[in-house]
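Quick one, what's the 3D model for this:
(2 chains)
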Amino acid sequence: MISRKASTLLRNATQASLLLGTFVLLLLPGCAPKARVQKRGDIAQAALETYVPPGDLDKYYIFYSGGQSGSVFVAGLPSMRPIITIPVFAPYSATGYGYDKESKALLGNYTWGDVHHPALSETNGDYDGRWLFVNDNANNRVARIDLRDFKTKEIFGPIPNVSGNHGSSFVTPNTEYVLAATRFSIPLPKGTYVPREQYATAYHGVVSGLAVDPKTGHLSLGWQVLTPPFDWDVGSTGKLASDGWAFWTSYNAERATGKLEVTSTQRDRDYIAAVNWKAAAQAVKDGKYKIIDGAKVIDPRETQGVIYLVPCPKSPHGVDVTPDGKYFVGSGKLAGITTVFSIAKLKQAIEAKNFTGNEDGIPVVNYDAVKEAEVNVGLGPLHTQFDGKGYAYTSLYIESAIAKWKLGTWQVVDKIPVSYNIGHLAIPGGDTVHPDGQYVLALNKLSHGRHLNVGPAQPEDTQLIDISGDRMKLLYDTFTEPEPHYAQMIRADQLHPIEVYSQAENHDPNAVWDVQHTGITRQGNHVIVHMTAVRSSFEPNKIEVNQGDLVTIYLTNIEQTTNEIHGWALEEYNINIAADPGETKTIEFVADKPGVFAYYCTKFCSALHQEMQGYLLVKPKGGTGAKTASTHGSHAQMASVGSH
Amino acid sequence: MAKDALSTVSITPALPPKNRAANEARFFDQPLGLSSRITIFFAALLLVPAFFFPLYRMTLISNQFPDGLNLNIYAGHLRGGQSAERNDLIEINTLNHYIGMHPLEETEFSEFQWIPLMLGFFILLSLRAAVQDKMSALVDTLVSFGWFGAFAFWHFYERLYTYGHVLDPSAAFKVTPFTPPLFGSRQIANFTVYDYPAAGSYLMAGFVVLLVATIVLSVRRNKAARA
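Got it, this is the predicted structure:
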């Protein structure tokens, strides 16, 4: 009995399970893998680490390059709060930059720039907090921002012979030079036409050092070195053990044209240029140069000992020098490794002439003789920073991660995913002799909707990562407009900006500090106005000119207290400037539109800010109200009333 | 009842074999029985949705794509995961061009012509077995379906192998030639690639399981009946 029942059960069970099994299989969702959960660290701890209570201040300044915005963005670390934008290469109506005579002269005829690599000025290899230099990849310029007032003071360029100034604006350890280099080789001098078929031989690049006046920061052309048409990418400078050297990475050792994505990526190694800039300076001093477009250009075929090429895998982006200056690290973005080179070995190889060839007179140093280590960091290594505690951090674009590795053992000890596609990374002082390795900033290229949806034009995602412990911890996501490429960070107590321009330091001969001295004078058809701005009036508050007059207004904000900025905007004349407390700005325009136009303060300065206004009356050329009288009777009437 | 007959079989020793050829003839000629014929009908029915569900699903996960890029291979076409934000097939092809992989294009897959045809053929073939009520027709269906499955599987593997091995030598990014997994996961550059059969394949597996079950049940029932 038992066996019969058992076998019946067994049979039924078999049938049932066969059918059931089929349907269970059908329901399997293809064994879909779980999405990897991002390591977010302890949220509460991250909040505490980044929270800066109201009224408290951040510990560091962040200066982001603003990419194609042409500006520099300033934020605080660790809160990541944005503070201000410093306009550099592009007009910025928020601060009236590009509308007054002085800033118009700075901008020249350009309305934008492409800011890539900010560089804080240095003394003995550490930030000294004096200036911030930024490059313009598009119009081949370098600008200097004075950190005393966070204002752009100088724009140098377009630099002769430099085309696509990407490998810029890295500074030497005592700010002797700011680097500049060619990314898009061209026939030289600029303005020359040579068919692209002759690219490999007739197109050239240059690498250069712009000399910096140690007192004023004023930029001038130092030296240039003529190079084959490689695409010079990112640079850096030696320090301590490698002081006196400047480095640039390159892609397109192939000297290819056309679809570079393919044509320039065929070789397994491109080059890092190692330039002995002290030798370059000496060569210029000794007259071993030729003048091209006014620049002193050293030709390596004629002058040896200035430039060497070090092979580096593959299409390297960043070249970064360790804090002790002993090693320079090349990150080949199409290789899975970052290569560490020894400066001592480089010097030995040069001494021993251990070369494997040359490119247009530039010796190519034996890779194996200079290489110290190849670090298996991961895919798409781009840029490396140092924490001063014996570790290096390399951004991995393809892998979307940061690899932390140990100097000396050359082993990766930690890796953290970032969101998404990191470009450069930055540690406060991470490129100096004394890095302050508590945080690293991941300057990610893509944000893929990690922010509130703002439509297809998405911001950049910058992530703050704590590197004080063994494991990297993600603390914070912040978003900026396009497009920070790199950043510099400096301890807040190293900067001491002013908040008011004191009357004593205002040396503008046209500044007026007393309403008594304001007034309007005429020299022919040039109307000159000396104007004051103070809460809550402009003096004079009426300017009468004739159509076609050239009008110059010297506007002095005579406030001597913080934050009392006054704007000066003129309706329908496309003029909008701002004068900070104690500042004099020059407004110049031709009064070509007849009629009556209000000028007013754009910055909400006081309870009577709205009342801070005046009139520009432009008398038409053809007689009072002639233009309007011919078209509208009522307007003519108003005009005639106004003329009484 | 058959239940009693079968339980008797289980305790009765098997009959001594007679002539082998006769045995085989008897095996192939035996009828299937009504319940088996109905089961075959349902098995054939399983192949109908196999036209509409993906046979294979490939998921590529990386730091940039924590939600994964999806590629669904259907009997008759290729579909990337698609949302308002992204078209995964275009994305996969864009990324693959860096390593020199040939773009995945529906028109290049002959499979999408013959797999749907074969599925239709097997629906008809299995219905024929049900109508004929004959073991030989059922075994024909099963064996040829097995051959079709094995061929399709080999062909698919060969596809994967070719895509991962025939890489444009001028590609910017050199990777070691690879074969995406047939079943399971594998790291390829910065992606972890997960490759698993999907609903369509399980429907086909269900078809096979039901046919095998039908054979087993018919044989046992007939044996019991003979006993």
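
tell me how far stretch B:74-90 is from the chain's mean position?
Computed by Cα atoms, centre = their mean, to the nearest Å, the separation of stretch B:74-90 from the middle of its chain amounts to 21 Å.

what does that stretch contact?
If you take Cβ atoms under 8 Å, 6 or more residues apart in numbering or on different chains as the criterion, stretch B:74-90 is touched by A:449, B:50-55, B:68-72, B:91-92, B:104-106, B:109, B:112, B:115-116, B:119, B:200. For glycine as for every other residue, the C-beta is placed from the backbone atoms N, C-alpha and C.

Mind giving me the ChimeraX command for buried ones among those residues?
To isolate the buried ones among the contacts of stretch B:74-90 in ChimeraX, judged by 16 or more other Cβ atoms under 10 Å in any protein chain shown, type:
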select /B:50,51,53,54,55,68,69,70,71,72,91,92,104,109,112,115,116,119,200
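
Mark which of the contacts of stretch B:74-90 are part of strands, please.
If you go by DSSP state E, the contacts of stretch B:74-90 have B:L69, B:N70, B:L71, B:N72 in strands.

Pull the number of nearby residues for the closest residue to chain B within the stretch 101-250 of chain A.
Residue nearest to chain B within the stretch 101-250 of chain A: A:D231 (14.0 Å; Cβ to the nearest Cβ). By the measure other Cβ atoms under 10 Å in any protein chain shown, the count of residues near A:D231 is 24.

need the contact list for the closest residue in space to it that isn't next to it in sequence.
Leaving aside its sequence neighbours, A:D231 sits nearest to A:N252 (Cβ to Cβ, 6 or more residues apart in numbering or on different chains; 4.5 Å). A:N252 is in contact with A:P229, A:F230, A:D231, A:L260, A:T263, A:S264, A:D270, counting by Cβ under 8 Å, 6+ apart.

Give me the contacts around stretch A:181-196.
Stretch A:181-196 has contacts (Cβ under 8 Å, 6+ apart) with A:137, A:158, A:160-168, A:199, A:202-208, A:226-233, A:235, A:248, A:257, A:292-293.

what separates that stretch from the chain centre, distance-wise?
Its chain's average C-alpha position is 25 Å from that of stretch A:181-196, according to Cα atoms, centre = their mean.

what comes up buried for it?
Neighbour-count burial for stretch A:181-196, with 16+ other Cβ under 10 Å as criterion, is recorded at A:A181, A:T182, A:R183, A:F184, A:S185, A:I186, A:P187, A:L188.

Just flag the most distant two among those residues.
Distances among these were taken as Cβ to Cβ; the most separated pair is A:A181 and A:P187, at 17.0 Å.

on that earlier part again, keep only those of the contacts of A:N252 that are in strands.
Among those, the residues falling in strands (DSSP E) are A:D231, A:D270.

Is residue 193 inside a helix or a strand, and which specific one?
Went with chain A since none was named. For A:Y193, there is no enclosing helix or strand under DSSP states H and E.

oops, chain B please
strand B:191-197.

Tell me the strands beside that strand, with direction?
Using DSSP bridges, strand B:191-197 pairs in its sheet with strand B:56-61 (antiparallel), strand B:184-188 (antiparallel).

Put the alpha carbons of that strand into CSV.
Provided in CSV are the C-alpha atoms of strand B:191-197 (Å, rounded to 0.1, in the frame of the first residue of the first chain):
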residue,chain,number,x,y,z
PHE,B,191,32.6,47.2,-18.6
THR,B,192,31.4,44.1,-16.8
VAL,B,193,29.4,42.3,-19.4
TYR,B,194,26.6,40.1,-18.2
ASP,B,195,25.1,37.7,-20.8
TYR,B,196,22.2,35.5,-20.2
PRO,B,197,19.4,33.8,-22.1
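
Not counting its own residues, what contacts that strand?
Strand B:191-197 has contacts (Cβ under 8 Å, 6+ apart) with A:30-33, B:55-62, B:65, B:68-69, B:180-187, B:205.

what angle separates that strand from strand B:69-73?
With axes from the mean of the first three to the mean of the last three Cα atoms, to 10 degrees as the basis, strand B:191-197 and strand B:69-73 are set at 30 degrees to each other.

what pLDDT, on average, does strand B:191-197 get?
On average, the pLDDT along strand B:191-197 is 94.

That strand: how far from the chain's middle?
That offset, for strand B:191-197, works out to 18 Å (Cα atoms, centre = their mean).

what bridges to A:A274?
With DSSP bridges as the criterion, A:A274 is bridged to A:F247, A:Y308.

burial of it, as a residue count?
For A:A274, the tally of surrounding residues (other Cβ under 10 Å) stands at 25.

I'd say it and A:G305 touch.
No: look at A:A274 against A:G305 with Cβ atoms under 8 Å: they stay out of range, at 11.4 Å.

returning to what we had before: show me the one of the strands paired with strand B:191-197 that comes nearest A:P323.
strand B:184-188 (34.1 Å).

Go ahead and name everything in contact with that closest one.
A:P33, B:G164, B:V175, B:F178, B:P180, B:T192, B:V193, B:Y194, B:D195, B:Y196.

what about the longest strand in chain A?
Criterion DSSP E: the longest strand present in chain A is strand A:126-136.

packing partners for the helix or strand that it is followed by?
Using DSSP H and E, the helix or strand that follows strand A:126-136 in sequence is strand A:141-146. Judged by 3 or more Cβ pairs under 8 Å, 6 or more residues apart in numbering or on different chains; DSSP states H and E, the packing partners of strand A:141-146 are strand A:126-136, strand A:151-156.

Write out the residues of chain B neighbouring chain A.
Within chain B, the positions adjacent to chain A are B:3, B:6-7, B:10-11, B:46, B:54, B:57, B:59, B:61-64, B:66-68, B:85, B:170-174, B:185, B:189-190, B:192, B:194, B:196-199, B:202-203, B:205-206, B:209-210, B:213, B:217 by Cβ under 8 Å from any Cβ of the partner chain.

now the helices: where do they sit in the stretch 1-150 of chain A?
For the stretch 1-150 of chain A, applying DSSP state H, counting those that start in this stretch gives helices covering A:2-27, A:43-50, A:101-107.

actually chain B, not the one I typed
Secondary structure of chain B (DSSP state H): helices located at B:2-11, B:20-29, B:34-47, B:88-96, B:111-132, B:135-165, B:199-226.

cool, and the stretch 151-300 of chain A?
Remark: helices assigned in the stretch 151-300 of chain A by DSSP H, counting those that start in this stretch are A:199-202, A:260-263, A:277-285.

most neighbours per residue, which of these?
Mean neighbours per residue, mean count of other Cβ atoms under 10 Å in any protein chain shown, is largest over these for helix A:277-285, with a mean of 19.

Report the mean confidence score over it.
Here the average pLDDT along helix A:277-285 is 98.

now do stretch A:550-565
Stretch A:550-565 shows a mean pLDDT of 97 in the predicted model.

And stretch A:518-527, by the same measure?
Here the average pLDDT along stretch A:518-527 is 97.

buried stuff in it?
Across stretch A:518-527, burial judged by 16+ other Cβ under 10 Å covers A:T518, A:I520, A:V527.

what does stretch A:114-127 give?
Buried residues in stretch A:114-127 (16+ other Cβ under 10 Å): A:D114, A:V115, A:H116, A:H117, A:P118, A:A119, A:L120, A:S121, A:E122, A:G125, A:D126, A:Y127.

again, but for stretch B:213-227
B:A213, B:T214, B:I215, B:L217, B:S218, B:R220, B:R221, B:N222, B:A224.

What mean pLDDT does that stretch get?
Mean per-residue pLDDT for stretch B:213-227: 87.

same deal with stretch B:125-140?
The pLDDT scores in stretch B:125-140 average 94.

Between the two ends of that stretch, how far is it?
Using Cα to Cα, to the nearest Å, the end-to-end distance of stretch B:125-140 comes out at 8 Å.
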